[in-house]
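1. quick one, structure for this:
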Amino acid sequence: MTNVPSDASASPAPWDDSPDNGSTRVSVDGVMPETVGGTVPEQRTKVERFNPDRLRAVGARPPMGEYLRDLWGSRHFIMYDARVRLAVSQDHTFLGKAWIVLNPALLGLTFFVIFGLLLRTGRGIDNFVAYILIGLIMFVYSIRSVVAVSRSMQSGKALVKGFMFPRAALTLSIVVRDAMTQVWAIVAMFIMVLLIPPLEPVSWTWLLVIPVFILQTIFNWGLGMLLAPLVHRIPDVANLMSFFMRLWMYASGIFYDPSRFVSDERILALFHFNPLYQVLQISRSLILRAEVPPLNSWAILTTAAIFLCVVGFLVFWRDEERYADER
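-> Next up is the predicted model:
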């Protein structure tokens, strides 16, 4: 019979879980907890309660506040996508981005020959060449941008269906791309005004073309977003967009002064309440006459830009769930 050491009871085995002075030491993850006053501290467990109200269907439209935060979070994608779109926009041509300036310049030359030399609609306008160039370069910007934004859910169908992100980011990247393009066109416009006779002197009022450009960009984005849900539902509308924009261009005094051909004050009022007519008139006053247009012209353009941006954004956000629908 084996003798048991006399101190065996004083040194229990490490696996012995028998009570020791009325307490129990429990190993948690291999670590023996410290006892306080002969008792083991209570192990606290954090319990999270499930709230089913926080669940949202995949692709569902988020609240406006969350949508705006997500849109701000997409700013790096917006800038990157805009730069890529600009970089590849004319890569398939020999002259590349020179067409940004050549397109409105050649169109302006065509209009000058037809309306200036043949029909003589420029009578009474001192610098008719610059008059047409400014009108075309500024208006073509809106045609290009509004049509592209309105078609954004169609042209970006693969991206819209493949990833979850605020769809307004795609429209904004197109607007930023077109704005970058327009900056080069405006610089070329200033150069042509300085080089094509009769030469126009440089004036400080030329700097005010910057807020006109910003307001026009906001206007383009708002109108494009307002039309995008309609184009998404009825794709045939996209084919009519260019027609209506060109009709709008001819009704905005691109190659004539409406006051020379229209005497009815009510019809002239329709011209003045046309935001893009104000873009052209303000730009021409700043560049050709070195005059700051009256406050009501700025008010019409500013009000139209802000109103269309807010309404267009709300309409676009309301249809957020529809853009990824299979067709």
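2. C-alpha only now, for contacts and for neighbours.
-> Fine.
3. other SSEs contacting the worst-scoring helix or strand of the chain on mean pLDDT?
-> Ranked by mean pLDDT, DSSP states H and E, the weakest helix or strand in the chain is helix 99-111, scoring a mean of 75. Contact here means 3 or more Cα pairs under 8 Å, 6 or more residues apart in numbering; DSSP states H and E; on that basis helix 99-111 packs against helix 128-150, helix 168-195.
4. rebuild these as JSON lines, extending it with mean neighbour count.
-> What follows is the helices and strands packed on helix 99-111, written out as JSON lines (neighbours: other Cα atoms under 10 Å):
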{"stretch": "helix 128-150", "mean neighbour count": "23"}
{"stretch": "helix 168-195", "mean neighbour count": "19"}
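5. would you turn those into a markdown table with mean pLDDT?
-> Converted to a markdown table, the helices and strands packed on helix 99-111 look like this (pLDDT from 0 to 100):
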| stretch | mean pLDDT |
| --- | --- |
| helix 128-150 | 91 |
| helix 168-195 | 91 |
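6. could you dump the ones you listed to CSV with distance to A87?
-> Below are the helices and strands packed on helix 99-111 laid out as CSV (distance: least, Cα to Cα, whole Å):
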stretch, distance to A87
helix 128-150, 16
helix 168-195, 9
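7. list the buried ones in the least confident helix or strand of the chain?
-> Neighbour counts over helix 99-111 (16 or more other Cα atoms under 10 Å) mark I100, V101, P104, A105, G108, F111 as buried.
8. the second one against A188, yeah?
-> Yes: under the criterion of Cα atoms under 8 Å, V101 is in contact with A188, at a separation of 6.7 Å.
9. quick one: contacts of stretch 203-223?
-> For stretch 203-223, the surrounding residues in contact (Cα atoms under 8 Å, 6 or more residues apart in numbering) are 142, 145-146, 149, 171-172, 175, 179, 276, 279, 282-283, 286-287, 290-292, 301-302, 304-306, 308-313.
10. of those residues, keep whichever come out buried.
-> With burial judged by 16+ other Cα under 10 Å, the buried subset of those is 142, 145-146, 149, 171-172, 175, 179, 276, 279, 282-283, 286-287, 290-292, 301-302, 304-305, 308-310, 312-313.
11. which stretches of the stretch 1-150 of the chain have low pLDDT?
-> The model of the stretch 1-150 of the chain has pLDDT under 70 over residues 1-48, 50-59, 89-97, 116, 119, 121-122, 124.
12. please, where are all the helices along it?
-> In the stretch 1-150 of the chain, the helices defined using DSSP state H, counting those that start in this stretch lie at 64-73, 75-88, 99-111, 128-150.
13. centre of the chain to the shortest one, how far?
-> So the one you mean is helix 64-73. A distance of 13 Å separates the centroid of the chain from that of helix 64-73, by Cα atoms, centre = their mean, to the nearest Å.
14. buried ones in stretch 223-236, by neighbour count?
-> Using 16+ other Cα under 10 Å as the test for burial, stretch 223-236 gives L223, G224, M225, L226, L227, A228, P229, L230, V231, H232.
15. would you confirm that the third one contacts V149?
-> In other words, M225. Yes: shown here, M225 and V149 form a contact pair, counting by Cα under 8 Å, at 6.5 Å.
16. leaving out chain neighbours, which residue sits closest to S252?
-> Computed as Cα to Cα, 6 or more residues apart in numbering, the closest residue to S252 that is not its neighbour in sequence is Y277, at 4.9 Å.
17. tell me the contacts of the one you found?
-> Y277 touches S252, G253, F271, counting by Cα under 8 Å, 6+ apart.
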